[in-house]
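S.K.: quick one, fold the following:
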Amino acid sequence: MVDAKRLRNLVRTGISVTALLAGSGVLAQTAVSPTEQPNPGTPVQSGPGQSGDASMLAITDNDEIVVRGVRGSLLRSIDTKRDASTIVDAISAEELGKFPNRNVAEALSNIPGVTVGRDGRGEGRSVTVRGLGEDFALTTLNGRILPTDGPDRAFAFDVLPSEAISGAEIQKAAQASQLEGSIGGNIDLRTARPFDHMGNHAAGSIEGQYNEFAKKGGIKASGVVSTTFADGTMGFLLSGTYNKYKSRTDNLGEYSSTDTFDIATDPAGQRSIVQVPNGGVIVPYFYSTGYVETERQRWGGSAAYQWKPSDRFEFRLDGIYSNYTDIEHNHRIAVGLTPLADDGSVRWDLNNITVDSNKVVTNYTVQPATIDIVNTDEPRKSITYQLGGHIDWTPIDRLSVAADASYGKATNNTGGQNRFVVAGIPGSKAVVTTRNGGLPDLVLTIPNADGTVTDRPLSSATDADVRAHYIGIQGEDISDRSIQAKLDLKYDLDLGILKSFSFGGAFSDRRKDVETIDNQYTTAENFAGYPFPLSAVGGGVLQSPKYTNILPNLTGNFPRAVPTYDIDTYLASLSKAENNPNILNPATGLPYPTGYATQQVVPDQLASYLIKERTWNAYGQVNFQGEKWRGDIGLRYVNTTVDSLGYGATVASYVVVGAGTANVQFNPIEPIVGGGSYSRLLPSANFAYDLADGLRVRLAASQAISRPTFGQLSSAKDYSAAQSNTPVVTDSGNPNLKPVSADQGDVSLEYYPSKSLALTAAVFYKHLTNFVTTQAVPFTLTPTNQVPGAPASFPFTELQYVNGDSAKVYGIEVGGQYFLKNGFGIQVNATYNHSRAVRDGRPKTDLQDAVPFSANAKVFYENHGINASVSYQYQSRFVSSQYSYIDSLAIKQDPYHELAASISYDILPSLTVYAQGSNLLDSATKRFSTYRNVPAFYEYTGRALFFGVRARL
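M.R.: Just a heads-up that it's a prediction; the model follows:
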């Protein structure tokens, strides 16, 4: 007699063979009419995935066939798009615990209209939707707003392990029933749930990682288990992951240009330097190159419980946790290149400079110049978690109720841990020659022992050449706490075309606390001014360059090797200057006293703030449906209240003592409270019509808002810049800011002629008003206790955040995917985007981060246990910032190409080995300030390789 287990295996084998034989017939089927609604979340998938071999299929305990791999992921994404009630794009996990990309942000970039912002360390971090920056997108997890570990609203996707995410949707058109707060798009991430895969399942992987450029590697391990029980009415799921990875990035750390100097020529042909407010020649204020060594560690996971005792009731409890540490050690050299020294003397060779038609100085010599050797430690210690409960209940036949509540928190406690330490070589010489499309040549020569400058290169520097200077220790303790609750109800009317009425409301209470801790006003400048060489405190500080090939992919004559030092060794050596009769403090003429080198790191209230934001909203939405069409019309009411706490210290006395210095005494720091509120009515309408079987047109129109960042809402006023005798002395937040508003419209066409083919196209338009911008507001500074004989008041300017700018954005998106019977498939999409921003007092420009053209393509093969894919992403040139240090010059980013590939092989039905590679084209991120010979930013990370093994049960 055949035992039950063997019989079940035989039945399953028969089902798989039948599915394989029937594959060609399935591919020829006509698609289900888009108005037919399949059961969301069902594990049964049919279609092109079944044309592969059995290794691409999974069979549940209920003998249901589930397509795995890329095809299954794309099929589920198309199902989500087709069945959505508005314009939506989606991505889905390829199988349990396996997201389609290594990073959530990079996976989203496969969606039309989405571009990813990389953090310069080889990993995607931020997302831009339809040409609107990260601050205009709303990121939620299971429908709940995610707290953020930064000082503002934009969510950093690198904190989330991709293994904890099973899918994501971007809702590009608004509905009254959906949360407000996004103009670009609502990004909803979804964690896996036990009912996604009925029965007992487990999957795990272990992976080795290697950064080709850094010649360093890492390791990642992840696992997920899922089970359902009690006759399929209950289930648990638990996932976890650990990742540790090292990398290296070479960069142009800073190239901050200025146009506040000009060259004057008298009748005799004699040249001189004059200072102007703006419009002078364009030169770099600082030029800095170097490298960053990074070590990242991330661990976390998700958990979910589901209980569904009947078709009328379901309860879900789910949560996510992420612990992310990123330690970056930045080593670089920096040179100030402006024409005037601190004492006002000219340090340019005015007889030999050249200036092009754009007023860019293209060839010049600076002497004396100071070469700064800059080392920084930049930690990020982020913890993010969210716990939520959800109930779906049908108390009576016509009424559906959904209730949701959650608590989330994100922290990043690095206050007083970010170190910016500078030592330098004064009296040096710099020769600069610009290059179109490249970094300028920078030839540096350091002084001899007698102070003369001949031909000594930077590489010959010792402790006797390098002098102590600046010690900046800063950082922020950030906390973002979010409490949310939602209630959604739907009543089925079934009155002809009037099908249902949806209504409900939501409440959120968010608290963003940013506490800055630093030594800015205590000990940062105790050794400023390069008072003594490091050899005077015993030496042994300066180290030989670790790398001699900085930015190897660029041509040019600039420093390829950077001398460096260990920050702890440097700080410890400074204590040897205390009570040392051979080292005198130039400010006092006496030895430095005991304890002078000890850094006093204290809370900096002037740079700290607390924002409380409470939002109530309510909505009503009428849902219609006919034989070939459906739609909804709704209205959402939003009320938001902001309470802001910042700090400020008014000026007690003000005495000008030099061209760039003032002796300023401040009154004690006092809290500044403020607040504001606003209400909005946000209408929306969506309509879909089936022109034919598989062919649908969608129309959408709405008004939407995007809230100001938390930093902009701070009530703080900072007068500290008055010490430099600059006419702009105060930076001011504005807790009364209103949200950015948008009128927007969308039209899309979706074509699903068969299960193997899907084509989509969409056009969109957005008119944005009330953009937040800075405005210079004149005011009279009147010291409260002015020094006798000094002027009683001074004309100054306050920079305030205000609403006022506007922009228009429109574009078109197209996409398609096609599956062949032999296992090959292709997915492609492209987006064209055009934007113009009207800015107060500045030239019109493209909207920041709006990529005019982007495209993605993926070719894959799944058959005979082989899963291979090649992915390509392209972003055209775009405006990275609407203005640089020079208001008239926008920062533009060059086109970016990203190529990735992966291959895996099922050596057993439940065991897979794989290899992947990213940035295979060895691309770099490059920005410039309008003109090709005025660089702004450059980062190069090299290729990354990954290889591992994955098992599943």
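S.K.: quick one: low-confidence ranges for the stretch 251-400 of the chain?
M.R.: Low-confidence segments of the stretch 251-400 of the chain (pLDDT under 70): none present.
S.K.: now the strands for it?
M.R.: Using DSSP state E, counting those that start in this stretch, the strands of the stretch 251-400 of the chain run over 271-275, 281-310, 313-336, 354-355, 361-396, 399-413.
S.K.: what packs against the shortest one?
M.R.: On a contact count with 3 or more CB pairs under 8 Å, 6 or more residues apart in numbering; DSSP states H and E, strand 354-355 meets strand 361-396. To be clear about C-beta, it is placed using only N, CA and C from the backbone, and glycine gets the same treatment.
S.K.: elements contacting the strand it packs on?
M.R.: Against strand 361-396 (3+ CB pairs under 8 Å, 6+ apart) you get strand 281-310, strand 313-336, strand 354-355, strand 399-413, strand 418-433, strand 441-446, strand 564-565, helix 567-574.
S.K.: and those: which comes nearest Gln893?
M.R.: strand 281-310 (18.5 Å; CB to CB).
S.K.: strand 271-275 and that closest one, what's the angle between them?
M.R.: With axes from the mean of the first three to the mean of the last three CA atoms, to 10 degrees as the basis, strand 281-310 and strand 271-275 are set at 40 degrees to each other.
S.K.: so how far is strand 281-310 off the chain centroid?
M.R.: 8 Å (CA atoms, centre = their mean, to the nearest Å).
S.K.: tell me what it is packed against?
M.R.: strand 234-265, strand 313-336, strand 361-396.
S.K.: any idea which residue is closest to the centre of the chain?
M.R.: Geometric centre of the chain, nearest residue: Ser126, 2.6 Å, by CA atoms, centre = their mean.
S.K.: what strand or helix carries that residue?
M.R.: Using DSSP states H and E, Ser126 sits in strand 124-129.
S.K.: can you check Gln775 too?
M.R.: Counting by DSSP H and E, Gln775 is part of strand 757-781.
S.K.: same question, Ser222
M.R.: strand 216-229.
S.K.: which residues belonging to that strand are considered buried?
M.R.: Lys216, Gly217, Gly218, Lys220, Ala221, Ser222, Gly223, Val224, Val225, Ser226, Thr227, Thr228 (16 or more other CB atoms under 10 Å).
S.K.: any chance of the residues you listed in TSV, with distance to Gln703 and pLDDT too?
M.R.: Output for those, formatted as TSV (distance: CB to CB, whole Å; pLDDT from 0 to 100):
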residue	distance to Gln703	pLDDT
Lys216	50	87
Gly217	50	86
Gly218	46	92
Lys220	44	93
Ala221	47	94
Ser222	42	93
Gly223	45	93
Val224	41	94
Val225	45	95
Ser226	41	95
Thr227	46	96
Thr228	43	96
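S.K.: out of the residues you listed, which is nearest to Val537?
M.R.: Among the buried residues of strand 216-229, and counting by CB to CB, the member closest to Val537 is Lys216, at 32.9 Å.
S.K.: that closest one: what's it in contact with?
M.R.: Tyr210, Lys246, Ser247, Arg248 (CB atoms under 8 Å, 6 or more residues apart in numbering).
S.K.: so the second one bridges to which residues?
M.R.: Per DSSP bridges, residues listed as beta-bridge partners of Lys246: Glu295.
S.K.: so what's it up against?
M.R.: Asn211, Ala214, Lys216, Gly217, Gly218, Glu293, Thr294, Glu295, Arg296.
S.K.: what do you get for the third one?
M.R.: Taking CB under 8 Å, 6+ apart as the criterion, Ser247 is in contact with Arg121, Gly122, Asn211, Phe213, Ala214, Lys216, Glu293, Thr294, Arg296, Thr941, Ala944.
S.K.: is Gly232 in contact with Met198, as I believe?
M.R.: Yes. Counting by CB atoms under 8 Å, Met198 is a contact partner of Gly232 at 6.0 Å.
S.K.: between those two, which is the more surrounded one?
M.R.: Met198 (18 against 14; other CB atoms under 10 Å).
S.K.: for the more buried one, give its distance to Tyr547.
M.R.: Met198 is 54 Å from Tyr547, where distance means CB to CB, to the nearest Å.
S.K.: just give the nearest non-adjacent residue to Leu551, would you?
M.R.: Leaving out its chain neighbours, the residue that sits closest to Leu551 by CB to CB, 6 or more residues apart in numbering is Asp250, at 4.7 Å.
S.K.: who's in contact with the one you found?
M.R.: Taking CB under 8 Å, 6+ apart as the test, what Asp250 contacts is Phe213, Thr289, Gly290, Tyr291, Val292, Ile550, Leu551, Pro552, Glu939, Tyr940.
S.K.: buried ones among those residues?
M.R.: Phe213, Thr289, Gly290, Tyr291, Val292, Ile550, Leu551, Glu939, Tyr940.
S.K.: beta-bridge partners for the closest residue to the fourth one other than its chain neighbours, please?
M.R.: If you skip the residues right next to it in sequence, Tyr291 has Asp250 as its closest partner in space, 4.8 Å away by CB to CB, 6+ apart. Counting by DSSP bridges, Asp250 is bridged to Tyr291, Tyr940.
S.K.: distance check, Asp250 against Thr548.
M.R.: 12 Å.
S.K.: also Glu813?
M.R.: Applying CB to CB to Glu813 and Thr548 gives a distance of 46 Å.
S.K.: what does the pLDDT read for the residue nearest to the centre of the chain?
M.R.: Predicted confidence (pLDDT) for Ser126: 81.
S.K.: quick one, what contacts it?
M.R.: Taking CB under 8 Å, 6+ apart, one finds Ala105, Val116, Gly117, Asp119, Glu134, Ala154, Ala156, Phe157 in contact with Ser126.
S.K.: for the second one, grab phi and psi.
M.R.: Torsion angles at Val116 (phi, psi; degrees, to the nearest 10) stand at phi -110, psi 140.
S.K.: that one against Glu123, yeah?
M.R.: No. With contacts counted by CB under 8 Å, Val116 stays clear of Glu123, the gap being 9.6 Å.
S.K.: between these two, who's got more neighbours?
M.R.: A count of neighbours by other CB under 10 Å puts Val116 above the other of Val116 and Glu123, at 25 against 22.
S.K.: from Leu498, how far out is that one?
M.R.: 42 Å.
S.K.: likewise for Phe195?
M.R.: Between Phe195 and Leu498 the computed distance is 32 Å (CB to CB).
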